[in-house]
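*Asks:* A predicted structure for the sequence below; I have some questions about it.
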Amino acid sequence: MRRHPIPWPGGQSRHGRGRVLALLAAPLLSVPLLVGTAPPAVSSPLRREEVAVLAGVSTEWYTRLEKGHISGVSEDVLDAVARTLRLNEYERLYLFDLAKAAQPSAAARRRRKAVDIPPHVQWLLDSMTLSAAFINNGRLDLVATNALARALFAPMFTSHTVDERGRPNFARYYFLDAASHDFVDDWDGAAGASTALLRAEADRYPNDKALRELVGELSTVSAEFRTRWAAHDVRIHHGGVKRFHHPEAGSLELIYQPMDLPVSAREAHSLIIYTAEPGTPDEDRLKLLASWGATTAGDQSPPTTGAARHKPSADTRAPST
């Protein structure tokens, strides 16, 4: 199988410089401001010199910043640059993460080892019986779930893409299992979000071996992932609405909300909760799933109403174009 080069974070590497350049240079084409003048009738792009003046730095310094020489830059300066270029929330955090990753000895500080979820956190998940609750790490592995989350994401747990411990991974499922297109209503949005979350995680933790291996696997097998990864989109978790086509419960529209969960200083975790709007058919279907999940707690098989369970095989893999 042909391997493709994988752009990866790495301090002052050429890929690191490329990401800073892409992030800072692109807004020069669209910010409708001119230094010392009233807003024009037609928006004009900002010149590099104008961005530097508005951010309070020299043109030479700003040019160096674009080229990736970002180590040692103060947060005040980064904030001024982000404000001048009107970076959105994700882009601003991405810029700050690039700066942190470029700090001397950051590599040593950011090497991580997987940590187990403490028992009391699992108790917390199990206490939420009417919501699907799970914990994932920055690589988008599902590392802990309650019974309802296992029932809701049953297609992921039966997928051939689970790891050796039987844990699903959102990105691996979306890009390597063709059945994911049937499970999530907005596959394109889900695939894009997972790629952007992995991109942001990679820049925060460029020495994460497991993350590097995951990106390498996805880039080798999935042309779709390679294209999305190369776009350098970044994202942070936020709440919203997702729609599923569940094989047992049918159509489900659920509200979800992620929250940071400081389980360990050596690994980032998020607690994510899915629930249904009260008084809706979606709530009824979710309660049905909760009932099934409660009766199959501890069972590694997905809940079923009698229909044949899905048996993953190599034939279910997404095309590796």
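*Replies:* Everything's here; your move.

*Asks:* just checking, what packs against the longest helix along the chain?
*Replies:* The longest helix of the chain (DSSP state H) is helix 187-204. Counting contacts by 3 or more Cβ pairs under 8 Å, 6 or more residues apart in numbering; DSSP states H and E, helix 187-204 packs against helix 89-101, helix 170-176, helix 180-183, helix 209-221, helix 223-230. (C-beta placed from N, C-alpha, C; glycine too.)

*Asks:* all strands for the stretch 201-321 of the chain, in order.
*Replies:* With strands called from DSSP state E, counting those that start in this stretch, the stretch 201-321 of the chain shows them at 240-246, 250-260, 269-275.

*Asks:* Export these as TSV, with columns for mean neighbour count and mean pLDDT.
*Replies:* Below are the strands of the stretch 201-321 of the chain laid out as TSV (neighbours: other Cβ atoms under 10 Å; pLDDT from 0 to 100):
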stretch	mean neighbour count	mean pLDDT
strand 240-246	15	96
strand 250-260	15	95
strand 269-275	19	95
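
*Asks:* Which stretch among these approaches Trp292 most closely?
*Replies:* Taking Cβ to Cβ, strand 240-246 is the member of these nearest to Trp292, at 10.8 Å.

*Asks:* related to what we said a few turns ago, and the helices and strands packed on helix 187-204, which one is worst for confidence?
*Replies:* The minimum mean pLDDT among the helices and strands packed on helix 187-204 belongs to helix 89-101 (a mean of 70).

*Asks:* coming back round to it: which among the strands of the stretch 201-321 of the chain is found nearest to Asn136?
*Replies:* Taking the strands of the stretch 201-321 of the chain one by one with Cβ to Cβ, strand 269-275 is closest: 5.8 Å.

*Asks:* Strand partners (parallel or antiparallel) of that closest one?
*Replies:* strand 132-137 (antiparallel), strand 250-260 (antiparallel) (DSSP bridges).

*Asks:* wait, what's in contact with the closest residue to Glu217 other than its chain neighbours?
*Replies:* Distances taken as Cβ to Cβ, 6 or more residues apart in numbering place Arg172 nearest to Glu217, at 7.5 Å, with adjacent residues excluded. The contact partners of Arg172, by Cβ atoms under 8 Å, 6 or more residues apart in numbering, come to 161, 214, 217-218.

*Asks:* now Asp182
*Replies:* His245.

*Asks:* And the helix or strand containing Arg83, what does it pack against?
*Replies:* Assigned by DSSP states H and E, Arg83 belongs to helix 75-84. Packing partners of helix 75-84 (3+ Cβ pairs under 8 Å, 6+ apart): helix 48-55, helix 89-101.

*Asks:* could you dump the first one to CSV, C-alpha only?
*Replies:* These are the backbone C-alpha positions of helix 48-55, laid out as CSV (Å, rounded to 0.1, in the frame of the first residue of the first chain):
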residue,chain,number,x,y,z
ARG,A,48,1.2,43.0,5.9
GLU,A,49,2.5,46.3,7.1
GLU,A,50,-1.0,47.4,8.1
VAL,A,51,-1.6,44.3,10.1
ALA,A,52,1.7,44.8,11.9
VAL,A,53,0.8,48.4,12.8
LEU,A,54,-2.6,47.4,14.1
ALA,A,55,-1.1,44.6,16.1
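
*Asks:* Tell me which of the strands of the stretch 201-321 of the chain sits nearest to Pro155.
*Replies:* Taking the strands of the stretch 201-321 of the chain one by one with Cβ to Cβ, strand 240-246 is closest: 7.8 Å.
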